[in-house]
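1. The following comprises the amino acid sequence and a computationally predicted model.
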Amino acid sequence: MNRSLSQILALALLVSNAAALAPAAQQQTQPATQQPSAQTTQTQATPAQAQATPQATPAEESEEDVVRITTNLVQFDAVVTDRQGRQVTDLRPEDFEVFLDGKKQQLTNFSYVSNESGVQTAAPAPARLAERNTPPLPPARLRPEQVRRTIALVVDDLGTSFESLHFVRQGLKKFVDEQMQPGDLVAIMRTSAGMGALQQFTSDKNILYRAIEHIRWYPGRSGISAFAPVEPDLFAQAKQESGLSNNNGGSDPAADADEFRTELFSVGTLGALNFIVRGMNQLPGRKSVVMFSDGFSIYDREDPTKNQRVLDSLRRLVDLANRASVVVYTVDARGLQYIGPMAVDNLDGLTQQKMNGLLNSRSQQLIDTQQGLQYLADETGGFLVKNNNDMNGAVRRVLEDQKGYYLIGFRPDESVFDSVRGRSHFNNLRVKVRRAGLRVRSRAGFLGVTDAEAKPARHTRAEQLIGALASPFASGDVPLQLTSLPGGDTAHGSYLTSLMHIDMSGVKFTDEPDGWHKAVLDVVAFTFGEEGNVIDSLDRTETVRVRGGAYDSARRNGLVYTMKVPVRKAGAYQLRVAVRDAATERLGSASQFVEVPNLKKNQLALSGILMQSSGFTAAQLLQNAASGQTTPDPLGSPAVRRFRVGEEVDYYFNIYNARADSAGHTQLQTQMRLFRDGEQVYAGPVVTFDPGKQADLKNLHDGARVRLNAGLAPGNYVLQIIVTDALAPEKRRTATQWIDFELAN
């Protein structure tokens, strides 16, 4: 990973990037100007969409702390339903009784939090991958305060059969198509994958579709179907006929090995779920995990000492989920199973007694493997969906359960946090509702450790940076802005150019002789592929030394760190970065998803979009800084993309693999669209692209200027470019790219 650290005053680096992207635009003395405004909207919000903002409730003042365990307050969430499974929302504090280790508690906090905000309509589904001529809508990036529901759909591909995974994929596609709502932050994760580009929380349906496509069956980890076919044990028959005795104490080595293998995969599944829940701890509000699995056993009927590792992993996971305000719902992916004789069973030579015993073992296996799923759901306030072939219906039940919840709190006594022989004990929590005919679900309890004590202490440089990397949002005390631009050429392949803007206003500078000021920054960056593999990484300590006007500008305008990552293979990538101020240990983090096109397939594709203020020039900034003059506002740089209402903005991009007719002429058309919060606010005219003197059809450059008229309201926007090639094959005629920016007064 090539990298460099420079003052934003010395942005000559960005000049070369802009030149590579759009030399054609530089030839124009005045790019064509488009003027979007609020009056040019083509898509109007419906009344239902206009009400999409959740209404605040008193309990939402501390929404990020749904579950709290302190010496002064134990607060937890509970859901109450009637006999038909419908939520009951009109209960009062006197309707509840709360017991901790059998002792009734006096309630000190009580409220109901609603996640509903009027009638919700599903966001339009983007064009599926097969419908390539329909430009997909760019996603609306959610800020933490905009998130209504946070849902992790976890597929246990370490222990789910081929047949089950087929139905799980179908159910997940229906959820994304029909049930995902504006304000939903969703991740589709696999227990076999790491921190991959597709293993992330997003509101982008295109990323979720890609994640579903990567759910695969792994031979050797699970079978074709939920139950292995019955086969005669030829080895045991041969021993019996020969009169040989079993010299290993009666144990079956093959059975023992299979049992050990199953246990390992169960622990691996729970470990992956532990990682997912730990990452969700930083997300706002009440979170949900929906786990699809063929199940796992937590008890052994013949030997209670077995499966201890599974049970220990499960208990750690439950306590972590409860403290992270995560509710776990489990879905038996096997659906309604037939446990009698099947066509694949080989029953030759088996007596009726043995055949009945083998078939009965299937029934027992089904019950035993559902125990783990039931336990995990019960202990975290969720429920198990079993014996149901409708995977999409299972997700629908979970979403119905997300309508709201009660927040209940009490003041614990000192004995709650007493330890025995240095170990904290588990406090059992039980909730009753006095009104007849109602059922309450809540968390089963917690370890006698406060949240402050349970929070992992990150003392070392590595621990702090890794913790920052796990954040799903740009966060921390050192604000970062990340811009990753896919690009390249057919001769040298693809690459990612990433610009990371570091806000230096809160970074500590130490004074040195002769007016110099020094700051030390730790910078870590990882590029992950679709399967969780690390494509490239960076771990450096950078020293920044500035003085005079350059120091003032660095504090005011920040720094830009550039990284160039060669990409050998097209596909989805995620860049995660973290920065640490070595003097104060303040941290910042950011991440971005990027899809790199395959330029060698001779298919129409676009580079990333470079966007900047029309008056922005790195050379002028450098000249002004050297002379001590006041520098222009740098927020309109490609690394920050914060523009003012009424400002003119330039954007540049490359078109790859254009076709030409027999006369050597292209038939390309381009269009620019603007979106705000997922709604289109402007659609520019469809323009015929003129390559001018550009002869390389594999790499054409385009650019234009747009005026952000006063009719546009301040906020976060997305600029989308759509290019259509009439000479390309029908299914490959359209390519699109987008970039987000902020509009301020």
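-> Cool, got the structure.

2. Please export the C-alpha coordinates of stretch 68-85 as PDB.
-> Once non-C-alpha atoms are left out, stretch 68-85 reads as follows in PDB (Å, rounded to 0.1, in the frame of the first residue of the first chain):
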ATOM      1  CA  ARG A  68     -27.400  -0.600  31.700                       C
ATOM      2  CA  ILE A  69     -25.800  -2.300  34.700                       C
ATOM      3  CA  THR A  70     -24.300   0.100  37.300                       C
ATOM      4  CA  THR A  71     -24.200   0.200  41.000                       C
ATOM      5  CA  ASN A  72     -27.100   2.700  40.900                       C
ATOM      6  CA  LEU A  73     -29.200   1.400  38.200                       C
ATOM      7  CA  VAL A  74     -30.000  -1.900  36.500                       C
ATOM      8  CA  GLN A  75     -32.000  -1.200  33.300                       C
ATOM      9  CA  PHE A  76     -33.300  -3.800  30.900                       C
ATOM     10  CA  ASP A  77     -35.800  -4.100  28.000                       C
ATOM     11  CA  ALA A  78     -38.900  -6.300  27.900                       C
ATOM     12  CA  VAL A  79     -41.600  -7.100  25.300                       C
ATOM     13  CA  VAL A  80     -45.200  -8.000  26.300                       C
ATOM     14  CA  THR A  81     -47.600  -9.800  23.900                       C
ATOM     15  CA  ASP A  82     -51.100 -11.100  24.100                       C
ATOM     16  CA  ARG A  83     -52.300 -14.600  23.200                       C
ATOM     17  CA  GLN A  84     -52.200 -13.800  19.400                       C
ATOM     18  CA  GLY A  85     -48.600 -12.600  19.700                       C
END
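
3. avg pLDDT for that stretch?
-> Stretch 68-85 carries an average pLDDT of 92.

4. if you go through the stretch 151-300 of the chain in chain order, where are the helices?
-> 162-174, 205-213, 234-242, 253-280 (DSSP state H, counting those that start in this stretch).

5. mean pLDDT lowest for which of those?
-> Among the helices of the stretch 151-300 of the chain, helix 234-242 carries the lowest mean pLDDT (a mean of 50).

6. looking at this, L465 is in a helix?
-> Yes. Checked against DSSP: H, G, I helix; E, B strand; the rest coil, L465 lies within a helix.

7. And for it, the neighbour number?
-> Residues lying near L465 (other C-beta atoms under 10 Å) number 20. C-beta here means a position set from N, CA and C on the backbone, and glycine is covered the same way.

8. Tell me who's in contact with it.
-> D522, V524, A578, R580, L587 (C-beta atoms under 8 Å, 6 or more residues apart in numbering).

9. Spit out the contact partners of the last one.
-> Contacts for L587 (C-beta under 8 Å, 6+ apart) come out as Q464, L465, G467, A468, G476, D477, V478, A578, V579, R580, D581.

10. number of nearby residues for the third one?
-> The one in question is G467. Neighbours of G467 under the rule other C-beta under 10 Å: 17.

11. Show the subsequent helix or strand relative to the strand or helix carrying Y495.
-> Per DSSP states H and E: Y495 is located in strand 493-502. Next helix or strand after strand 493-502 toward the C-terminus (DSSP H and E): strand 510-511.

12. partners of that next one in the sheet?
-> strand 516-528 (antiparallel) (DSSP bridges).

13. Now the element after the partner strand, going C-ward?
-> strand 534-547.

14. Okay, buried residues for that following strand please.
-> By neighbour count on 16 or more other C-beta atoms under 10 Å, the buried set for strand 534-547 is I535, D536, L538, E542, V544, V546.

15. Repeat that for stretch 168-175.
-> Buried residues in stretch 168-175 (16+ other C-beta under 10 Å): V168, R169, G171, L172, K173, K174, F175.
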